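Student: Pasting a predicted model and its sequence here:
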Amino acid sequence: MTTAILLSGGMDSSALAWLVRPDVAITIDYGQLAATAELAASAAIAKACGTAHIPLHIDCRSLGSGDMAGEAPDALAPASDWWPYRNQMLITFAAMKAIALSATTLLIGTVTSDGTHADGREGFFSRIDDLMAFQEGGLRVLAPAIGMTTPELIRKSGIPASVLAWAHSCHKANVPCGQCRGCNKYFEVFDELGLDLDRSGAATTA
């Protein structure tokens, strides 16, 4: 049995990878502005987890909108970082690689706050899991942290602050802009958990 994870290099998928220790982590450069940093973060986190890391490069930049593509948000966008059907696209690409590796499960690091978008809700994952399981290979798509907040997931995972510090959350650039929704979340979570990156590396709360 092989378990794969779609590892973006962000805080949520990184904490889930540390908790589950999947066999393989798949990171996708799909044309997003922060792709280089996300690939580097994912490679470092996968190495720390003892997980094989597979990067995929598929240029979908011309299909994107919002912060991640460096374009004006689409008229349907519920938030500035919305990219049409992004989760569906990424899950499909990751599943294509995962099934070639004989994986039976593809894990997604979605948490409660991702419910801002329809593709971050339980209904979406229920449907895409059914769709993948229906097809050859019977791959299951699971979001085990969907009922948790990011701080809850980080606490449960026990991921050291020194490993979590590799996470790249910026939507707009390879160097954190400090202003986008991703950067704001990163700072807010570290502050809420009272993580101290100058100590031994253990993720402790204040």
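Tutor: Thanks, I have it.
Student: just the strands in the protein please.
Tutor: For the chain, the strands defined by DSSP state E occupy 2-6, 24-29, 52-57, 103-108, 140-142.
Student: so E71 sits right up against S65, yeah?
Tutor: Yes. With contact defined as Cβ atoms under 8 Å, E71 counts as touching S65 (5.0 Å). All C-beta spots, glycine's among them, are computed from the backbone N, C-alpha and C.
Student: Output the below-cut-off pLDDT ranges for this structure.
Tutor: Residue ranges of the chain with pLDDT under 70: 1, 196-206.
Student: how about the helices in it?
Tutor: 11-20, 35-49, 86-100, 122-134, 150-157, 161-164, 181-193 (DSSP state H).
Student: What residues sit buried inside the shortest one?
Tutor: Read it as helix 161-164. A161, V163, L164 (16 or more other Cβ atoms under 10 Å).
Student: mind putting the residues you listed in JSON lines, distance to H171 included?
Tutor: Output for those, formatted as JSON lines (distance: Cβ to Cβ, whole Å):
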{"residue": "A161", "distance to H171": "22"}
{"residue": "V163", "distance to H171": "22"}
{"residue": "L164", "distance to H171": "18"}
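Student: just the residues you listed now: which is nearest A25?
Tutor: Of all the buried residues of helix 161-164, A25 sits closest to V163, with 13.3 Å by Cβ to Cβ.
Student: I'd like to know how far that closest one sits from A46.
Tutor: As for V163, its distance to A46 is 11 Å (criterion: Cβ to Cβ, to the nearest Å).
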